[in-house]
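In: 3D model of this:
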Amino acid sequence: MQAPSVGGVMLPRGNGATVRLSRGASLTDFAEKINANPASLVQVMLNLGEMVTATQSVSDETLQLLGEEMNYVVEIVSPEEEDRELLESFDIEFGENEGGEDMLVPRPPVVTVMGHVDHGKTRLLDAIRKTNVIAGEAGGITQHIGAYQVSTQVNDEDRAITFIDTPGHEAFTAMRARGAKSTDIAILVVAANDGVMPQTIEALNHAKAAEVPIVVAVNKIDVEGADPTKVRGQLTEYGLVAEEYGGDTMFVDISAKQGLHIDDLLEAVVLTADASLDLRANEEQDAQGIAIEAHLDRGRGAVATVLVQRGTLRVGDTMVVGDAYGRVRAMLDDKGNNIQEAGPSTPVLVLGLTNVPGAGDNFLVVDEDRTARQIAEKRAARERNAAFAKRTRRVSLEDLDKVLKAGEVQQLNLIIKGDASGSVEALESSLLQLDVGEEVDIRVLHRGVGAVTESDINLASGSDAIVIGFNVRAEGRATQMAEREGVDVRYYSVIYQAIEEIEAALKGMLKPEYEEVELGTAEIREIFKSSKLGNIAGVLIRSGEVKRNTKARLIRDGKVVAENLNIEGLRRFKDDVTEIREGFEGGINLGNFNDIKVDDVIATYEMREKPRG
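Out: Presented below is the predicted three-dimensional model:
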């Protein structure tokens, strides 16, 4: 069955058939699926009031709109599903242990420490691994995601636990959520003197969404005003009931500062893992897992901290991490020692990748370099298309002229460069969530890991963008180039400073909002006629003050009879004056407006700019 022709081309009618498209697909991709001419789909979109080229990545909504018009059900394939299909095309199964039950061996639990800012997460991790990471952190906030392994004794048996070190400020919500996805158990840190705070609940919700068991560490029990019982009571409201109250959540009272009861906490983690989870993996298969963090090292190139989840990763293996790939040149453990292989639940620093992957990207080992390159390139293309589709602003023909009018849509363009992919992603995510109304749009043109380069400055100068350097600086001639081109480059080492400044800049871009402020009212007592000036109102100022050259409206019997008048002349006796105050009499000339009567009220006002909140 054919649809009516569009632009002389007959289009196939879908009859409710399903078309599966990836995020960021183009009209050409759609046309291939339904065996149609891409140009005819461009014409259909034009008829629907959207200007779209055949090869442009379009949004999910646009694809679905087109599908409805053509009577097709458009199904947008999720990135995870698309990735699974991509790997299946290479005969790779991701996320599964190969072999039978007899191939599985116990692995250590992977733990994420979560909680409210300043409740002692970093100090707790510090106490556990006996090194000081706070000293090097700007503003005392954890800026990077790392991972390390510790050992503890439970029932006279040595047990290993892997910790993922996630950032603590609320701006890193995106990374914290991602940390929970790669986690077996979450330790929720709550200060005994503060109790449950907003971020405590936020962290708790992330852990619940990831369906991981929770162990509660009640910290700062040595501080004045500490009340561990109150914390237990508060968390009961959120479904965490302590074992001593008949629940199944282990609460451990600790002091990270004094190092009190840290061993008890580690034991609680192991016991919770043994009771709630079946933590086993196949050591023999090709390694698979997740990238915890990645950055560009000046001497070593792209380096990534990866957590092996199943299989064993060895030096010399060919691996794909997100859209990066390469042969493992060297591996370092969390203490900086060179190692040859890493089994399940082991975090390692990997050298040898082509570029910096994203925090949270999956990694897998493949047999050939060619396969790794093909998977990485297809993933990169998919990411690029999805980014273009997200970036495209939907403008219909009806409102195109409105949008193009000066000042109708204002946009702040940003380029974000940072020292680590996790920080860059978190900063981008936080900035895109800033809410300063619909008038201003925020757009991240480019984000990357490493120093601010000349190409970043070029891009910024061509698109009026601000460059944000997070824990990185401009390199080489980029600084002079930025000065020459007038590009604004901002450097930050604490993430919330960046967010606050950008928010302020966004609010500055908003068109000023004005509000009406009443100045004074005048009652007309007498009317004088002037051949030169027309009617002049003899008035008594009833309230406030009346000023010359301000706006006015005329009120008769409680109703407004004239708007947008001007106080053009103001006299007191024979003198011209600029203002007359309450209780005094005077004369008012409303310019060309002469329709005034005795007992009318002249209400004067001015428009003042409203301060932004």
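In: can you list the low-confidence ranges for the protein?
Out: 1-14, 79-80, 130-145, 166-181, 387-410, 436-440, 505-513, 611-613 (pLDDT under 70).
In: just want the most central residue of it.
Out: Nearest to the mean C-alpha position of the chain, counting by CA atoms, centre = their mean, stands residue 429 at 1.7 Å.
In: in a helix, that residue, correct?
Out: Yes. Looking at residue 429 with DSSP: H, G, I helix; E, B strand; the rest coil, it is inside a helix.
In: any idea how far residue 359 is from it?
Out: Look at residue 429 and residue 359: by CB to CB, to the nearest Å, they are 11 Å apart. The way it works is simple: take the backbone N, C-alpha and C, and place the C-beta from them, glycine included.
In: ok, residues contacting the longest strand seen in the chain?
Out: Ranked by residue count, the top strand of the chain under DSSP state E comes out as strand 513-530. Strand 513-530 has contacts (CB atoms under 8 Å, 6 or more residues apart in numbering) with 535-547, 550, 580-582, 585-588, 596-610, 612.
In: neighbours of residue 73, how many?
Out: Other residues near residue 73 number 13, with proximity taken as other CB atoms under 10 Å.
In: buried ones in the helix or strand that contains it?
Out: Per DSSP states H and E, residue 73 falls inside strand 72-77. The neighbour-count check on strand 72-77 (16 or more other CB atoms under 10 Å) flags 72, 74, 76-77 as buried.
In: next up, phi/psi of the nearest residue to residue 419 once chain neighbours are set aside, please.
Out: Computed as CB to CB, 6 or more residues apart in numbering, the closest residue to residue 419 that is not its neighbour in sequence is residue 471, at 4.1 Å. With angles defined as degrees, to the nearest 10, residue 471 sits at phi 60, psi 20.
In: how about residue 420?
Out: Torsion angles, degrees, to the nearest 10, at residue 420: phi -150, psi 140.
In: which stretches of the stretch 101-250 of the chain form strands?
Out: Secondary structure of the stretch 101-250 of the chain (DSSP state E, counting those that start in this stretch): strands at 104-106, 110-115, 146-154, 157-165, 185-191, 214-219.
In: with mean neighbour count and distance to residue 529 as new columns, can those be given to me in JSON lines?
Out: Formatted as JSON lines, these follow (neighbours: other CB atoms under 10 Å; distance: least, CB to CB, whole Å):
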{"stretch": "strand 104-106", "mean neighbour count": "15", "distance to residue 529": "104"}
{"stretch": "strand 110-115", "mean neighbour count": "26", "distance to residue 529": "79"}
{"stretch": "strand 146-154", "mean neighbour count": "17", "distance to residue 529": "87"}
{"stretch": "strand 157-165", "mean neighbour count": "19", "distance to residue 529": "85"}
{"stretch": "strand 185-191", "mean neighbour count": "26", "distance to residue 529": "79"}
{"stretch": "strand 214-219", "mean neighbour count": "26", "distance to residue 529": "84"}
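In: let's have these in CSV, adding distance to residue 296.
Out: Below are the strands of the stretch 101-250 of the chain laid out as CSV (distance: least, CB to CB, whole Å):
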stretch, distance to residue 296
strand 104-106, 36
strand 110-115, 25
strand 146-154, 16
strand 157-165, 20
strand 185-191, 30
strand 214-219, 34
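In: which of those strands sits closest to residue 355?
Out: Within these, the stretch nearest residue 355 is strand 146-154; the backing value is 20.4 Å (CB to CB).
In: so what strands line up beside the closest one?
Out: Next to strand 146-154 in the sheet, as set by DSSP bridges, lie strand 157-165 (antiparallel).
In: where does the spatially closest residue to residue 469 that is not a sequence neighbour sit: helix, strand or coil?
Out: Excluding the flanking residues, the one nearest residue 469 by CB to CB, 6+ apart is residue 491, at 4.6 Å. Under three-state DSSP, the three-state class of residue 491 is strand.
In: I'd say residue 491 and residue 479 touch.
Out: No. Here residue 491 does not reach residue 479: they are 10.9 Å apart, not a contact under CB atoms under 8 Å.
In: got the contact list for residue 571?
Out: Taking CB under 8 Å, 6+ apart, one finds 536, 577, 586-587, 589 in contact with residue 571.
In: that one sits in which helix or strand?
Out: strand 569-572.
In: got a list of contacts for the following helix or strand past that strand?
Out: As assigned by DSSP H and E, the chain's next helix or strand after strand 569-572 is strand 575-576. If you take CB under 8 Å, 6+ apart as the criterion, strand 575-576 is touched by 569-570.
In: buried subset of the contacts of strand 513-530, written for PyMOL?
Out: In PyMOL, this line selects whichever of the contacts of strand 513-530 come out buried by 16+ other CB under 10 Å:
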select buried, resi 535+536+537+538+539+540+541+544+545+546+547+550+580+586+587+588+596+600+601+602+603+604+605
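In: now intersect the contacts of strand 513-530 with the strands, please.
Out: Using DSSP E, the subset of these located in strands is 535-547, 580-581, 585-588, 601-610.
In: ranges for the helices of the stretch 251-400 of the chain?
Out: In the stretch 251-400 of the chain, the helices defined using DSSP state H, counting those that start in this stretch lie at 262-276, 369-391, 397-404.
In: count the residues that sit near the nearest residue to residue 385 once chain neighbours are set aside.
Out: Using CB to CB, 6+ apart and skipping the chain neighbours, the partner closest in space to residue 385 is residue 24 (3.2 Å). Residue 24: 26 surrounding residues under other CB under 10 Å.
In: I'd say residue 24 and residue 382 touch.
Out: Yes. At 7.3 Å, residue 24 counts as touching residue 382 under the criterion of CB under 8 Å.
In: and the closest residue in space to residue 294 that isn't next to it in sequence, how far is that from residue 383?
Out: Using CB to CB, 6+ apart and skipping residues adjacent in sequence, the residue nearest residue 294 is residue 304, 4.0 Å away. According to CB to CB, residue 304 and residue 383 sit 17 Å apart.
In: compare these two (neighbour count), which wins?
Out: Remark: of residue 304 and residue 383, residue 304 carries more neighbours, 27 against 16, as counted by other CB under 10 Å.
In: can you pull the contacts of the more buried one?
Out: Contacts of residue 304 (CB under 8 Å, 6+ apart): 291, 293-294, 321, 324, 349-350, 353, 356-357, 363.
In: out of the residues you listed, which comes closest to residue 148?
Out: residue 349 (10.7 Å).
In: one step back: of all the buried residues of strand 72-77, which two lie farthest apart?
Out: Spanning the widest gap among the buried residues of strand 72-77 are 72 and 77, at 14.7 Å by CB to CB.
In: so what touches stretch 452-466?
Out: Here stretch 452-466 has contacts from 412-415, 417, 445-446, 448, 467, 469, 472-478, 481-482, 485-490, 502, 505, using CB under 8 Å, 6+ apart.
In: which of those fall within strands?
Out: In strands, judged by DSSP E, the following of these are found: 412-415, 417, 445-446, 448, 467, 469, 489-490.
In: of these, which pair is most distant in space?
Out: Counting by CB to CB, the most remote pair of the ones in strands among the contacts of stretch 452-466 is 412 and 448, 18.7 Å apart.
In: and residue 65, how far is that from residue 43?
Out: From residue 65 to residue 43 the distance is 14 Å (CB to CB).
In: for the longest strand of the chain, buried residues please.
Out: For strand 513-530, by 16+ other CB under 10 Å, it's 519-524.
In: kindly reformat these as CSV containing distance to residue 214.
Out: Compiled in CSV, these are given as follows (distance: CB to CB, whole Å):
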residue, distance to residue 214
519, 61
520, 64
521, 64
522, 69
523, 71
524, 74
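In: among those, which one sits closest to residue 555?
Out: Closest to residue 555, out of all of those and judged by CB to CB, is residue 521, at 8.2 Å.
In: list the beta-bridge partners for the closest one.
Out: residue 543, residue 603.
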